[in-house]
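S.K.: Everything below, folded, please.
(one chain, ligands or ions: 1)
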Amino acid sequence: MTDEFIKDNYQRPIISLRITITNRCNVNCLYCHHDGMVSSKQEMTADELYTICKIAKNIGVKKIRISGGEPLIRKDIVEIVEKIGSLGFKDISMTTNGTYLEKYAQGLKDAGLDRVNVSLDTLNRETYEFITKKDYLESAKAGILKAVEVGLYPVKINMVIMKDINQNEVKDMFKFCKENNMVLQLIELIESENCDDDKFSADYHYKLDMIEERLADIADEVYERKFMQGRKKYYIDGGEIEVVKPVDNSTFCANCSRLRITPDGKIKPCLLRNDNLVELISHIRNGESDERLKEIFLDGINNREPFNK
Ligand code: SAM
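M.R.: Below you'll find the predicted structure:
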């Protein structure tokens, strides 16, 4: 099956492209790693994003994930999804905080979006405000329910687990997910460039191993997602929990099939590094040929190496 994919120098197929379409956000999560972010406002146009996805499609990428910042902050978000959707990918998904999703879910679905991951670390209003600095819990929940209603499927809830903040809320969040036919995705906290790393880690990092052991004990079935960083899925009582552990995890890296694009148009070969980015957008703006753009993409792929070996 993997033979149809382009592979990096470590024989890892490149299946998905995650594009950060803006670095603007309407919340300010205390842990946010600002994935591939730059400090000043940086955005690519809908046409530029289309060109990037067209080249990605040509080299065999099957899936696109649209992320941010907050992607729904862009007024042209439906147009962006429509343009990318016209290229015929197997799967187009979005990661959002959900606060504008009630307004956009139907339009996005109609434009070709297949599914969403919504970040929601807690169902408790005070904890939500502590994490995001905003009072948007109810809007996020309304957005999530709207996404389910319009048939974006599956809706996954991204819950970053933090020590002494929400580690005891997994059961409640799983109940909320099960009741609404959603998947719960537990994410291990990654050190953030925003914070004093040592202190940040000591304060909030919580290893997911203990939670996973408990899940393994009670699961009806466990499944390992080969091309999605070896993540495990636990099927429990008719519900589903997926666990994402990027920290010090060689299995995560060995099974990583994802390339990224930063909001200022650079190829980012690895989630956990910012020192091997490859400039892309200036070449598109200079009108380089598709052939040349493809070569630049291949440079990005050649820069990939497992962060944890
Ligand atoms: N604004 C959108 C959202 O809230 O989903 C998309 C951007 S956000 C950076 C994408 C995902 O990265 C979210 O699910 C968030 O929880 C996760 N994330 C951000 N910082 C993280 C960190 N330090 N450790 C683990 N996950 C993190």
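
S.K.: so what's the residue nearest the centre of the chain up against?
M.R.: Nearest to the geometric centre of the chain sits residue 95, at 5.3 Å (CA atoms, centre = their mean). Contact partners of residue 95, counting by CB atoms under 8 Å, 6 or more residues apart in numbering, are 65-68, 71, 116-119, 158. Any C-beta I mention is one placed from the backbone N, CA and C, and that applies to glycine too.

S.K.: Next SSE downstream of the helix or strand of the chain with the lowest mean pLDDT?
M.R.: Across the helices and strands of the chain, the lowest-confidence element by mean pLDDT, DSSP states H and E is helix 197-204, at a mean of 78. Counting by DSSP states H and E, the next helix or strand C-terminal to helix 197-204 is helix 209-218.

S.K.: what does the average pLDDT come to for that next one?
M.R.: Helix 209-218 shows a mean pLDDT of 94.

S.K.: what does this protein have sitting close to the ligand?
M.R.: Residues of the chain lying near the ligand by CB under 6 Å from any ligand atom: 25, 31-33, 35, 67-68, 70, 95-97, 119, 158, 160, 187, 189-190, 192.

S.K.: could you flag which of those residues are buried?
M.R.: 25, 31-33, 35, 67-68, 70, 95-97, 119, 158, 160, 187, 189-190, 192 (16 or more other CB atoms under 10 Å).

S.K.: least confident pick among the contacts of residue 95?
M.R.: Scoring the contacts of residue 95 by pLDDT puts residue 68 last, at 94.

S.K.: contacting residues around residue 160?
M.R.: Per CB under 8 Å, 6+ apart, neighbours of residue 160: 31, 119, 121, 187-189.

S.K.: partners of it in the sheet?
M.R.: residue 187 (DSSP bridges).

S.K.: what residues are up against residue 23?
M.R.: By CB under 8 Å, 6+ apart, the neighbours of residue 23 are 34, 37-38, 41-43, 68-69, 263-264.

S.K.: Can you list the neighbours in contact with stretch 24-37?
M.R.: With CB under 8 Å, 6+ apart as the criterion, stretch 24-37 contacts 20, 23, 41, 43, 67-70, 73, 97, 99-100, 119, 121, 130-134, 136, 160, 162, 189-195, 200, 204, 260-263, 266, 268, 271, 274, 277.

S.K.: again, 6 Å this time
M.R.: 20, 23, 69-70, 73, 97, 131-134, 189-190, 192, 260, 262, 268 (CB atoms under 6 Å, 6 or more residues apart in numbering).

S.K.: wait, what's in contact with residue 108?
M.R.: residue 81.

S.K.: can you rerun that using 7 Å?
M.R.: When contacts are counted by CB atoms under 7 Å, 6 or more residues apart in numbering, residue 108 is found next to 78, 81.

S.K.: helix/strand/coil for it?
M.R.: When classified by DSSP: H, G, I helix; E, B strand; the rest coil, residue 108 comes out as helix.

S.K.: in the least confident helix or strand of the chain, what's buried?
M.R.: 200-201, 204.

S.K.: can you give me the strands for the chain?
M.R.: Secondary structure of the chain (DSSP state E): strands at 16-20, 63-67, 91-96, 115-119, 155-161, 183-188, 221-225, 231-236, 239-244, 258-261, 266-268, 278-279.

S.K.: quick one, the first one and strand 91-96 angle?
M.R.: By that I understand strand 16-20. The directions of strand 16-20 and strand 91-96 differ by 30 degrees, with axes from the mean of the first three to the mean of the last three CA atoms, to 10 degrees as the criterion.

S.K.: Can you list the low-confidence ranges for the stretch 201-309 of the chain?
M.R.: Applying pLDDT under 70 to the stretch 201-309 of the chain flags residues 227-229.

S.K.: All set now, cheers.
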